[in-house]
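**Q** got a sequence here, can you build the structure:
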Amino acid sequence: MTGTSPLDGVRFAFGTLTVFPVRVTRWDREAARAGMLCAPPAGLAVGAAAAAVGLVLLLLGAGAPLAAVAGVAVPAVLTRGLHLDGLADTADGLGSGKPAEDALRIMKQSDIGPFGVITLVLVLLAQVAALAQAYEASWARGACAAVVSATVARLALTLAARAGVPAARPEGLGAAVAGVVPVRAALGAAAAVTAVAAVAAGALLGADEAARTALAVLLPLAAAEALLRHCTRRFGGVTGDVFGGLAETAATMSLLVLALG
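**A** Below you'll find the model as predicted:
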């Protein structure tokens, strides 16, 4: 099947990465390529929803901590918790210290081991604490942090799906999207998101925030890339769980960068 339309990519991205009622009509490699390039807009939608809920709570008199909890809970709900589950499974696989085949088997099990539980607790605490600090600074900074972190999380998936990154298994979502995005297109997406985020933050929060927001895109991508390389060495490639782990790693790092300083 050839001739992928932009809508095919949008359907693939929203249908696989969110719970929004979008029906995926194509699962071929061309649709997957377009879909992974559309992952950042899907993240933007998730982040906007998280920011909206947080702002409503602030308007109703809730404090920054509760707004932050909502800002972390909404993305989890809108992704069916798949990224958090992937993070936990990846932590269990890496923490097992076992050969690739055994580690992948551990990651496929339905239960969560001690490494996964510890990682989930620490990551969620870090996300809530960082987002709460952003909301305490101002409602605009908190909303910006929610949107940027969710977008960067999906941008990390675009980069992880670039050509040259193999799949660890022959089946699953990881295999469906592994290596589908041309390197130049992935780098172009990263540059575009960085520029748009910096300009938007500068317009909303002041010129001084443009550089911080650019770092809140680039540093999380570097952290996700380090994890991607480690997982590729350990497992022989990427899986759907690894993609989830990359997304949560990028989101957490983005929130930390925006909270510090």
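**Q** secondary structure element holding the most centrally placed residue in the chain?
**A** The chain has Ala153 as the residue nearest its centroid, 2.2 Å off, counting by CA atoms, centre = their mean. Assigning secondary structure by DSSP states H and E places Ala153 in helix 139-160.
**Q** roughly how far is that helix from the heart of the chain?
**A** Averaged C-alpha coordinates place helix 139-160 at 7 Å from its chain's average position (CA atoms, centre = their mean, to the nearest Å).
**Q** which other helices and strands does that helix contact?
**A** Contacts defined by 3 or more CB pairs under 8 Å, 6 or more residues apart in numbering; DSSP states H and E place helix 139-160 against helix 6-17, helix 29-37, helix 39-59, helix 64-78, helix 114-137, helix 183-205, helix 208-235, helix 240-259. Where C-beta positions appear, they are placed from N, C-alpha and C, glycine not excepted.
**Q** in the protein, which helix or strand is least confident?
**A** None of the helices or strands of the chain scores lower by mean pLDDT, DSSP states H and E than helix 173-177, at a mean of 82.
**Q** what separation is there between the residue in the chain sticking out farthest from the centre and Ala67?
**A** Computed with CA atoms, centre = their mean, the residue of the chain farthest from its C-alpha average is Gly61, at 29.6 Å. According to CB to CB, to the nearest Å, Gly61 and Ala67 sit 11 Å apart.
**Q** also Arg229?
**A** According to CB to CB, Arg229 stands 35 Å off from Ala67.
**Q** mind checking which of these two has more residues around it?
**A** A side-by-side neighbour count of Arg229 and Ala67, using other CB atoms under 10 Å, places Ala67 first with 29 against 11.
**Q** so the more buried one makes contact with Ala50?
**A** No. Using CB atoms under 8 Å, Ala67 makes no contact with Ala50, being 9.8 Å away.
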